[in-house]
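Visitor: Below is the sequence, then the predicted model.
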Protein chains: 2
Amino acid sequence: MIHTDSLRLADWTTRGRSSAGQDLMAVATSGDVISFCLGLPAPELFPSDLRRVARSVLDQPSALQYGVPCERLKSQVVSLMARRGVRCTEEEILITSGAQQGISLALTVLVERGSEVLCEEHTYFGFQQAMQSFDAELLTVPTDLSEGLDVEAVERLLARGARPRLLYVVPTGHNPLGVNMSAGARTRLVEIARRYGVAILEDDPYGFLSYDGEPEPPLRALDEDWVIYVGSFSKLIAPSLRVGWLVAPRNVVRHLGVAKAAADIETATLGQRLVSAYLDAVDLDARLSLLRGGYRVRRDAMLGALCDNLPGARWSHPSGGFFVWVELQDSIDTAEMLPAAVREGRVAYVPGSEFRVGGARGRDCRSLRLCFSTNTPGQIAEGMVRLRHVVERLRH
Amino acid sequence: MIHTDSLRLADWTTRGRSSAGQDLMAVATSGDVISFCLGLPAPELFPSDLRRVARSVLDQPSALQYGVPCERLKSQVVSLMARRGVRCTEEEILITSGAQQGISLALTVLVERGSEVLCEEHTYFGFQQAMQSFDAELLTVPTDLSEGLDVEAVERLLARGARPRLLYVVPTGHNPLGVNMSAGARTRLVEIARRYGVAILEDDPYGFLSYDGEPEPPLRALDEDWVIYVGSFSKLIAPSLRVGWLVAPRNVVRHLGVAKAAADIETATLGQRLVSAYLDAVDLDARLSLLRGGYRVRRDAMLGALCDNLPGARWSHPSGGFFVWVELQDSIDTAEMLPAAVREGRVAYVPGSEFRVGGARGRDCRSLRLCFSTNTPGQIAEGMVRLRHVVERLRH
């Protein structure tokens, strides 16, 4: 008889890297710290009429019961996608508990143990977390701060024989880099995916936000067979509802539905109904224009404050999303600087190395991600002055 | 260059068994069919004051934002568990998007590819679905219609050298069998788990419902180290909120939290706040007594109707849960009978073979699961007369 002292856990649980940054984020959200850490929507931009909508939804007794996926919501998603130049039908849509679940379900259906997955050197932390329980190898390609994902690097990898099960990419409002892929790069990427038979997992939570004219259409507008699209209502309406969606080929949606039922049976009926009733009630053009205007002002405040306070640094110029990526000119280690920034400077950010796939740290040790979406322009200005003081103190 | 015609999916997607029963369930919920298929709570027993509670929750702007897990809700769960004789702290609790996610997360943290998992021959379909994407072997033990899980069969398996990563069990209000494990069997099972070092995944969505006095304490009340407990508010409050919880050792909760963040970031803040505010407002003793009374009447209506209409059959006598398991005396195949039952008889049930692990069918081909929770006593009586006519028509 083998006796063990405590529960035996799956191997992946021993491999999760620890993150001092994540612990600091909890600190950073308390007290008088101005936090540029988390990608939270601006509270001022939450819909004011959600209470009224909730009342009408809760009047329907069926809103409390288990339910089949809300068909009305699916057709509303079809219309939303049409705004982005995407043609799809209700049968190609799966409602999810937010975009993160969309990513997780797509991985469950596409990734095999031992297979390869391709992504950018710096990418969304939630994708890296979702990959943890799969025994898959992460291949990476660089991302340029103005053009986005290095498409030619993808082609070189595939030409050399790599056959990843999917390529994960955030083409619009990149998290953490704050760049958009150019139209040319998008066309070329989809062409390569088709040629080599590689699925693209397109994560697009910020796709409806654009601060300098209409954004490029998503990759899903360019290809229906190889792109699986992940959408979210968290930034359009409110994150606390946890409602998002996937657009995928019909046969893939069927398997995604099985994985979804296994994961949590269904997305809260109440959340689905609230989103659907809200979309019925809202003037979406006005709503989008309010959001774009509100976040544009914050983006501009952040870029202005960077010019004023860190003139020697380099940074991305986001036309979408919530983030600016900054590379300090000084050889300051931003992970080492963080505790002092929070405790003495009362300002917080995420060190760039946190987003590095595999956790390796190269020249990104002097980079950091700033979120401009949550704070008001006044708070942004004040927070950036604080950040300058922290950097200056370390320099002297 | 390897060219494939379409997306390559993970191997498990080819192994999911198809289910005629599941398709019929969709049919069964429409029109004038009296359905005993799905384990839906009685709509009449949903809380009438949830609208008022929702209004106060939506008055807090933070209810729309991403949030840290609701600490108040965790301490409310601690109190709830104390009612069942379970001692635990907030650090041993993870809030989940319903019990199904609790099961799915526990499997992610405990089950390795290639490992063994132990369960009952007939068990909850959602557990079997959650197991699908793991390449694990399912070992089974029989379950007795009066005593529940055959504990001695578990011991024999382990004594012969099997070392499953976990044993999945529904000790109270078994789905689909409608039995409760006896006090003696519970004590013995926990003892065996400890001796052989096997984790128990205790699924307890119906644990607070009991129709014949207080139910036996859950397995987690008997052991803190080897039992992971899955709880749910779906039957206590409403399923559409998708809020449940796990109780597990602290070091396991940490890994469950990582798996949770990877799965969907967090359970909808709105749902968590609604549940918490409801628990603050409700007289829980009165609520439990209303639920127990309401479901007892339905259970009694179902058992009475079985005596009246299928006197030659055998069935379980549930003291908890939503289900009765019936074995017909005739050699009728209940899966084959179902289409006629729905189309001509206008009554629906789930064939017992649907719950059979691995889908193999033995003598369970003449068994069926009836849910008594959704319909009123009058509808139950009418539905059972219809079922009798279907059986009689086949017999003659």
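Guide: Cool, got the structure. Numbering: from 1, shown residues only, chains lettered A, B, ... in the order given.

Visitor: mind listing what's buried in stretch A:338-356?
Guide: Neighbour-count burial for stretch A:338-356, with 16 or more other Cβ atoms under 10 Å in any protein chain shown as criterion, is recorded at A:338, A:341-342, A:345-356. (C-beta placed from N, C-alpha, C; glycine too.)

Visitor: swap that for stretch A:88-96, sorry
Guide: Buried, per 16+ other Cβ under 10 Å, within stretch A:88-96: A:88, A:92-96.

Visitor: Do you know the pLDDT at A:Q60?
Guide: pLDDT for A:Q60: 83.

Visitor: ignore the last one, A:G67
Guide: So, for A:G67, pLDDT stands at 80.

Visitor: same deal with A:S276?
Guide: A:S276 is given a pLDDT of 96.

Visitor: Quick one: classify it as helix, strand or coil.
Guide: At A:S276 the chain is in helix, as set by DSSP: H, G, I helix; E, B strand; the rest coil.

Visitor: Settle this for me: it is touching A:K74, isn't it.
Guide: No: the pair A:S276 / A:K74 is not scored as a contact, 9.2 Å apart, by Cβ atoms under 8 Å.

Visitor: what residues are shared contacts of these two?
Guide: None of the residues lies in contact with both A:S276 and A:K74 under the rule Cβ atoms under 8 Å, 6 or more residues apart in numbering or on different chains.

Visitor: near chain B, which residues of the stretch 51-200 of chain A?
Guide: Within reach of chain B by Cβ under 8 Å from any Cβ of the partner chain, the stretch 51-200 of chain A has these residues: A:51, A:54-55, A:58-59, A:61-68, A:97-98, A:100-101, A:104, A:108-113, A:126, A:129-130, A:132-133, A:135, A:163, A:165, A:195-197, A:199.

Visitor: Next up, the contacts around A:S234.
Guide: A:41, A:98-99, A:205, A:241-244, B:66.

Visitor: Among those residues, which are located in helices?
Guide: A:98-99 (DSSP state H).

Visitor: hang on, the earlier thing: list buried members of the residues of the stretch 51-200 of chain A next to chain B by neighbour count.
Guide: The neighbour count (16+ other Cβ under 10 Å) marks A:54, A:58, A:63-67, A:97-98, A:100-101, A:104, A:108-112, A:126, A:129-130, A:132-133, A:135, A:163, A:165, A:196-197, A:199 as buried among these.

Visitor: The residue in the stretch 251-396 of chain A positioned nearest to chain B and A:G98: what is the separation?
Guide: As assessed by Cβ to the nearest Cβ, chain B sits closest to A:T269 within the stretch 251-396 of chain A, at 3.7 Å. Applying Cβ to Cβ, to the nearest Å, the value for A:T269 to A:G98 is 15 Å.

Visitor: can you check A:E191 too?
Guide: 31 Å.

Visitor: can you check A:R72 too?
Guide: As judged by Cβ to Cβ, A:R72 and A:G98 stand 19 Å apart.

Visitor: A:L50 now?
Guide: 17 Å.

Visitor: returning to what we had before: ok, the residue of the stretch 251-396 of chain A closest to chain B - how many residues close by?
Guide: Counted with other Cβ atoms under 10 Å in any protein chain shown, the neighbours of A:T269 add up to 24.

Visitor: got the contact list for it?
Guide: Counting by Cβ under 8 Å, 6+ apart, A:T269 has contacts A:62-67, A:70, B:239-240.

Visitor: quick one: which of those is nearest to A:P318?
Guide: Taking Cβ to Cβ as the measure, A:P318 lies nearest A:C70 of those, at 32.9 Å.
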